[in-house]
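J.: coords please:
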Amino acid sequence: MSSAPILLFYYYFVKLVYLCNEERLVAFCYTTDIIIYLIFMTTIDNILKKISESLAGVEYAFIGSVNLYIQGFAIAPRDIDILTTPDGIKEIDRLLADYRTKDIYFDETEGRNSFRSFYMIDGVEVEVLGNVNNLYRAVDGLLYKRIIPFKDMGLPCIPLEDELNAYKNMGRTEKAEMIEKFLKQRAL
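T.: Residues are numbered from 1 along each chain as shown. As a prediction, this is how the structure comes out:
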């Protein structure tokens, strides 16, 4: 295939950029960013639905930035994190076997002290943490999970207060401050 159409497109795109004044260019980039964001978030929503349907009956909860997203934060999670038990990770691995990118292994680094496995669903990484004695998350954290209404689903999530403690324990102050601010605004 000839590269001429690509070069022609590039030429006219560059010409368009030079012809646009700065305000129009910013508006174009902003609109493009919004479209990309909406496409990505639709993908995240579809993956959450796949996971929810696939893991029916398994003990698990969403954690991390996807938990924040589900509970109302205006953020775009870069991946999907799931908390489960050591037995739960084996069941999840069986159910998500077609998406597996890394087999279950035990991770002691940085205080994780948990089983971990990785999957790729529709281009988004899914990490599963089978908590044994994680320094950042309570071993019994799943006992306090809540079912959060989200779109047409009910998704199991760790309470925001527990997520706040986890981020503080990990030293991730920016996320911790964001959660604190969100909780204060929600209390008003």
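J.: what residues does stretch 156-169 touch?
T.: 60-64, 67-68, 70-71, 83, 135-138, 141, 144-148, 173, 175-176, 179-180, 182-183 (Cβ atoms under 8 Å, 6 or more residues apart in numbering). C-beta coordinates here come from the backbone N, C-alpha and C atoms, glycine included.
J.: Confirm Leu155 sits in a strand?
T.: Yes - counting by DSSP: H, G, I helix; E, B strand; the rest coil, one finds Leu155 located in a strand.
J.: Help me confirm that Ala61 is found in a strand?
T.: Yes - using three-state DSSP, the assignment for Ala61 is a strand.
J.: which of the contacts of stretch 156-169 count as buried?
T.: 60-64, 67-68, 70-71, 83, 136-137, 141, 145, 148, 175-176, 179, 182 (16 or more other Cβ atoms under 10 Å).
J.: Show me those that map onto strands.
T.: Counting by DSSP state E, the buried ones among the contacts of stretch 156-169 place 60-63, 83, 148 in strands.
J.: Please identify which pair of these lies farthest apart.
T.: Farthest pair in these (Cβ to Cβ) is Leu83 and Ile148. Separation: 14.2 Å.
J.: Buried by neighbour count: which residues of stretch 89-106 qualify?
T.: Neighbour-count burial for stretch 89-106, counted by 16+ other Cβ under 10 Å, picks out 89-93, 96, 99, 104.
J.: Show the average pLDDT along that stretch.
T.: In this model, stretch 89-106 has an average pLDDT of 97.
J.: CA atoms only for it, dumped as PDB, please.
T.: C-alpha atoms of stretch 89-106 as PDB (Å, rounded to 0.1, in the frame of the first residue of the first chain):
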ATOM      1  CA  ILE A  89      -8.200 -15.700  43.100                       C
ATOM      2  CA  LYS A  90      -8.100 -19.300  42.000                       C
ATOM      3  CA  GLU A  91     -11.800 -19.200  41.100                       C
ATOM      4  CA  ILE A  92     -11.400 -15.800  39.300                       C
ATOM      5  CA  ASP A  93      -8.400 -17.200  37.400                       C
ATOM      6  CA  ARG A  94     -10.500 -20.200  36.200                       C
ATOM      7  CA  LEU A  95     -13.300 -17.900  35.100                       C
ATOM      8  CA  LEU A  96     -11.100 -15.300  33.400                       C
ATOM      9  CA  ALA A  97      -8.600 -17.900  31.900                       C
ATOM     10  CA  ASP A  98      -9.200 -16.700  28.300                       C
ATOM     11  CA  TYR A  99      -7.900 -13.200  29.300                       C
ATOM     12  CA  ARG A 100      -4.900 -14.300  31.400                       C
ATOM     13  CA  THR A 101      -1.600 -12.600  30.800                       C
ATOM     14  CA  LYS A 102       0.200 -13.700  33.900                       C
ATOM     15  CA  ASP A 103      -0.300 -16.800  36.000                       C
ATOM     16  CA  ILE A 104      -1.000 -16.500  39.800                       C
ATOM     17  CA  TYR A 105       2.100 -15.900  41.900                       C
ATOM     18  CA  PHE A 106       2.800 -14.800  45.400                       C
END
